[in-house]
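In: Show me the folded form of this:
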Amino acid sequence: MERVTVWDDRLNADERGLLAPGRPQDLDRSPDVLVVGGGAIGLAAAVFARRAGLGRVVLIERALRLAPGASSGNGGAIAPDLHVLTDSPEFVAFGRGSRQLYRDLDAEWDGAIGTWPTRWLDIRPAGTLADQAHRRAPDLAGPNLAGPSPGDQGGLRLLDERDVRELEPDVRLPDGAEALLAEGQLAVDPLRLALAFAARAGQVVTGVGLLGVSVRGDRVGTVHTTAGDFTPGALIVATGLVPPPWHRGVPQRWVKGHMLAVAPGPWRLGSVLSGPFGGGTPLPGGGVVCGGTFDEGDHSRDVRPEIADPMAKALATLIPAAADAKISHRWCCFRPQIEQRQPVVDRLPGVTNGWFAGGHFTTGIMMAPATGAALAGWAASGRAPDEVATFTLPPAPYGYPYPGSGPA
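Out: Numbers count the residues shown, from 1 in each chain. This is a model prediction of the structure:
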């Protein structure tokens, strides 16, 4: 089944063409920086490499279009405060820094990215949220669970049923449920983001894939691709999962997930709804994006309505008026997961001029600007940024192989 996301249908013909530039005749074979991977992370890396003054930048993407996978198949969430109760302080700080970069870039680029402000209601069984807060941050437990994040108002607050009704009149809490309110978050149309980044990423090429590398001493010398060889000064790989030959021993996989969108209906929704009961992200214009699922063991690229459609029913659990909501789009994508790492931003083993960023799983859009800025800063200074000190590649059981001298 053809994969058409709700975001695809918001593009015009010219914009679709900009996302599929193909291969130019004047392809730069010896750029200062070669970025492999045209998703949100690779595009951000290319943008920030240029902003850091690293010279000529070329980005190659294997698919015929930029943002071909999870980078366009997500819900566009930029909500780091929701991770306070589930992830490390380093992860949350990185996400908050990325959110601020979105604000800064959108202001500098006259709104080209097009982020919009969101608030979240995370709805869970009673006691779950307070228990999480006590385990993660005992000093913050209480009505204000997380305190305000830098530059924002409010922080995270527990709401009861009356509070939720006042905030969202069409939302109903299931019996025994409570809600966590997170204000000051953002959302973005992922393909608008890809267009904004691609326009500022240097020479962007689609339909060209990585085959392997040749290493001379401790440096990547030649990068072999389906369009011939490149000899870059620096290499940034943003392919989701660690590529050959460095992948050996790294516990990683692609995880399939379904998403859907429902058309506008007879309800009002101003908050993103999340949690085990279901939910969705309201779109400008009134539609709602729901998802995604975690389809373990399903490796097909087929869209399966029997997996996607229950998300619309779950939305109606929280918004009774959405019981007859019309499903406008169904799609699926594959997310990169590196076990016990979310994300990875690290130097490629055995070389001094190569870096990898991936394994962002469900947070690639949220983390893209901070990841790109960290990679560019590392390449410019030769020093690992403090903010990615915990985002290292996992140690392989027998040590990383030396890349060798030919295509992997």
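In: For the rest of this, base every contact and every neighbour count on C-alpha atoms.
Out: Will do.
In: Check the chain and tell me which residue is nearest its centre.
Out: Residue closest to the average C-alpha location in the chain (CA atoms, centre = their mean): Gly364, at 1.7 Å.
In: my read: Val205 touches Pro24, true?
Out: Yes. With contact defined as CA atoms under 8 Å, Val205 reaches Pro24; the gap is 7.3 Å.
In: So which of the two has more stuff around it?
Out: Val205 (27 against 11; other CA atoms under 10 Å).
In: Would you confirm that that one belongs to a strand?
Out: Yes. Assignment of Val205 by DSSP: H, G, I helix; E, B strand; the rest coil places it within a strand.
In: who are the neighbours in contact with it?
Out: Contact analysis of Val205 by CA atoms under 8 Å, 6 or more residues apart in numbering lists Pro21, Gly22, Arg23, Pro24, Val58, Leu59, Ile60, Glu61.
In: I'd like to know which of these are part of strands.
Out: Val58, Leu59, Ile60, Glu61 (DSSP state E).
In: how about the strands in the stretch 151-300 of the chain?
Out: For the stretch 151-300 of the chain, strands defined by DSSP state E, counting those that start in this stretch occupy the ranges 156-159, 177-187, 203-206, 210-216, 219-225, 228-230, 234-240, 252-262, 272-274, 281-282, 288-291.
In: Could you list the paired strands of the shortest one along with their orientation?
Out: This means strand 281-282. Here strand 281-282 has these sheet partners by DSSP bridges: strand 288-291 (antiparallel).
In: Could I get the CA-only coordinates of the strand it pairs with as CSV?
Out: Only the C-alpha atoms of strand 288-291 are listed here, as CSV (Å, rounded to 0.1, in the frame of the first residue of the first chain):
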residue,chain,number,x,y,z
VAL,A,288,-5.6,15.2,14.5
VAL,A,289,-2.6,13.0,14.0
CYS,A,290,-2.6,9.9,16.1
GLY,A,291,0.3,7.5,16.8
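In: buried subset of the contacts of Val205?
Out: Pro21, Gly22, Arg23, Val58, Leu59, Ile60, Glu61 (16 or more other CA atoms under 10 Å).
In: Nearest to Arg99, out of those: which one, please.
Out: Leu59 (23.7 Å; CA to CA).
In: what about the closest one, distance to Gly202?
Out: Taking CA to CA, to the nearest Å as the measure, Leu59 falls 7 Å from Gly202.
In: and for those two, which residues touch both?
Out: Common neighbours of Leu59 and Gly202 (CA under 8 Å, 6+ apart) are Ala46.
In: Point out where the stretch 251-400 of the chain drops to low pLDDT.
Out: Across the stretch 251-400 of the chain, the ranges flagged by pLDDT under 70 are 396-400.
In: ok now do the nearest residue to Arg29 once chain neighbours are set aside, which residues does it touch?
Out: Nearest in space to Arg29, with sequence neighbours left out and distances taken as CA to CA, 6 or more residues apart in numbering, is Phe230 at 4.7 Å. Listed by CA under 8 Å, 6+ apart, the contact partners of Phe230 are Arg29, Ser30, Pro31, Thr222, Val223, His224.
In: My understanding was that the last one contacts Val208; is that so?
Out: Read it as His224. No. Contact criterion CA under 8 Å: His224 and Val208 do not qualify, at 10.3 Å.
In: wait, which of the strands of the stretch 151-300 of the chain is closest to Gly17?
Out: Shortest distance between Gly17 and the strands of the stretch 151-300 of the chain, using CA to CA, is found for strand 203-206: 11.3 Å.
In: And what about Ala368, helix, strand or coil?
Out: Quick answer, by three-state DSSP: Ala368 is helix.
In: For Ser71, see how far away the closest residue to it other than its chain neighbours is.
Out: Nearest non-adjacent residue to Ala368, counting by CA to CA, 6+ apart: Ile41, 4.8 Å away. Distance of Ile41 to Ser71, computed by CA to CA: 8 Å.
In: more crowded one of those two?
Out: For Ile41 versus Ser71, neighbours defined as other CA under 10 Å are more numerous around Ile41 (30 against 26).
In: what stretches of the stretch 1-150 of the chain score poorly on pLDDT?
Out: 1-3, 130-150.
In: let's see 80
Out: 1-3, 127, 129-150 (pLDDT under 80).
In: what are the ranges of the helices in it?
Out: Along the stretch 1-150 of the chain, the segments classed as helices by DSSP state H, counting those that start in this stretch run 13-18, 40-51, 89-108, 128-136.
In: want to try a markdown table for the buried ones among the contacts of Val205, with distance to Ala389 as columns?
Out: Converted to a markdown table, the buried ones among the contacts of Val205 look like this (distance: CA to CA, whole Å):
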| residue | distance to Ala389 |
| --- | --- |
| Pro21 | 35 |
| Gly22 | 36 |
| Arg23 | 36 |
| Val58 | 27 |
| Leu59 | 26 |
| Ile60 | 27 |
| Glu61 | 28 |
